[in-house]
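Trainee: return a 3D structure for these sequence lines:
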Amino acid sequence: MEPWLELCRAAVADVEAVLVAMPSRDERERPVGEGKGGDITAALDAAAEAAVLAHFDRPDLRIVSEEVGIHGDGPITIVVDPIDGSQNAERAIPYFALSVAVAEGPTMDDVVFGFVHDFGAGEEWTAVRGGGAFLNGQPVSGEPKEQIEFLSIEATRAALVLEQLRKLEPLTDCVRIMGAQAITFCHVGAGRTDAAVCLKPSRSVDLAACQLFVRERGFCIHAVDGGDVREHPLDLSAPSRICAARTRELAERIAVALRS
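Mentor: The predicted model follows:
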C-alpha cells in the first residue's frame, strides 16, 4: 500500500485547500476549458486536478486523468478523478470524492491499489489487490443483501433515469441517486446498499479504484453491455455500463433488465 496511500492522503489535503480557496458556486463551476474526456472543465476540476497530479509527477508513471487526459508511458499507471461528483462539489453538496487507482498494466485487472476519499463524510476507502478492502484503515465487514432491498443509481439526465427505472422497478422498490460513482460502488462493497448501477457507460477514471474495492470484498462488478470488467482498458474510453451486487447472478439480473 505504501507509498501510494501517503501520496493520496497528501493529495486529499491539497484538494481540501482548493475547496477552501474556492468557497462559492460561481467560483467552482466557472468554465475554464474542455477536458480530454469531452466534458466542460470547471475551475474546481482544473484546480483539484493540478493539486493531485503534482504528487504523481514522476517519469516512471503513466497518468490517466479526467481533464488532462493521458500523459507519460511509464510501467505504472495512475488513474485519477480529482473530483468524482463534481456537480455536487460545485454546489457544496457533500457527496464527492477523490478517486485514485494504481495499476501495473493497461487494464482494470492490473489495478493493485484503489483509493477513494469521500470529502463529505470524511471517509477513506482503500483496497489492495489480494490484500483486502478497508474503511478508514480498518477491514470492512458489512455485506449487501441477497435480494436488492436498496439500489443506488448513478446517472445525470432525468429522461435516462425515467426510461431505465421502469426496467429496474421489478427488482427493487427503494432507489437512491447520489451523484458520485466511486463512493456509490464502495457503498456496495460495505453493504450499505445492496446493488448499484451506472446508467451511462463508465470510464476508468470513474471506476478503476472502486471496482477493486468491490472485488476485494468478494462481490461482483459486472459489465452490463457484455465483456469482462477486468479487461477494460485504463484509458478514457467507456466500454460499458457497470453494475455491482453481492453475486454475479444478482448483477446479471440487473444487466438483463437494462438490456431489455
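
Trainee: tell me the pLDDT at Met1?
Mentor: On the pLDDT scale, Met1 is placed at 66.

Trainee: near Cys220, how many other residues are there?
Mentor: Residues lying near Cys220 (other C-beta atoms under 10 Å) number 22. (Each C-beta comes from the backbone N, C-alpha and C, glycine too.)

Trainee: one more: Asp235?
Mentor: The burial count for Asp235: 17, using other C-beta under 10 Å.

Trainee: that one reaches Ala208, doesn't it?
Mentor: No - under the criterion of C-beta atoms under 8 Å, Asp235 is not in contact with Ala208, lying 10.6 Å apart.

Trainee: give me the low-pLDDT residue ranges for this structure?
Mentor: For the chain, residues meeting the criterion pLDDT under 70 lie at 1, 37-38.

Trainee: mind doing that once more with 80?
Mentor: Applying pLDDT under 80 to the chain picks out residues 1-2, 34-39.

Trainee: the longest helix in it is where?
Mentor: helix 4-21 (DSSP state H).

Trainee: which outside residues touch the following helix or strand past that one?
Mentor: Sequence order places helix 25-29 as the next helix or strand after helix 4-21, per DSSP states H and E. With C-beta atoms under 8 Å, 6 or more residues apart in numbering as the test, helix 25-29 has contacts from 22, 42-44, 89-92.

Trainee: now the helices for the stretch 1-150 of the chain?
Mentor: All helices of the stretch 1-150 of the chain, identified by DSSP state H, counting those that start in this stretch, fall at 4-21, 25-29, 43-53, 86-90.

Trainee: give me the domain ranges for this protein.
Mentor: As assigned by automatic domain parsing, the chain contains the domains 4-139, 151-259.

Trainee: Gly227 is in what secondary structure piece?
Mentor: Gly227 belongs to no helix or strand, assigned by DSSP H and E.

Trainee: what's the burial count for it?
Mentor: 11.

Trainee: now Glu104
Mentor: 13.

Trainee: ignoring the adjacent residues along the chain, who's closest to it?
Mentor: Among residues not flanking Glu104 along the chain, Asp110 sits closest, at 5.1 Å (C-beta to C-beta, 6 or more residues apart in numbering).

Trainee: check Glu49 too.
Mentor: Using C-beta to C-beta, 6+ apart, the nearest residue to Glu49 is Pro82, at 4.2 Å.

Trainee: you'd agree that neighbour is up against Val68?
Mentor: No - applying C-beta under 8 Å, one finds Pro82 not in contact with Val68, separated by 9.9 Å.
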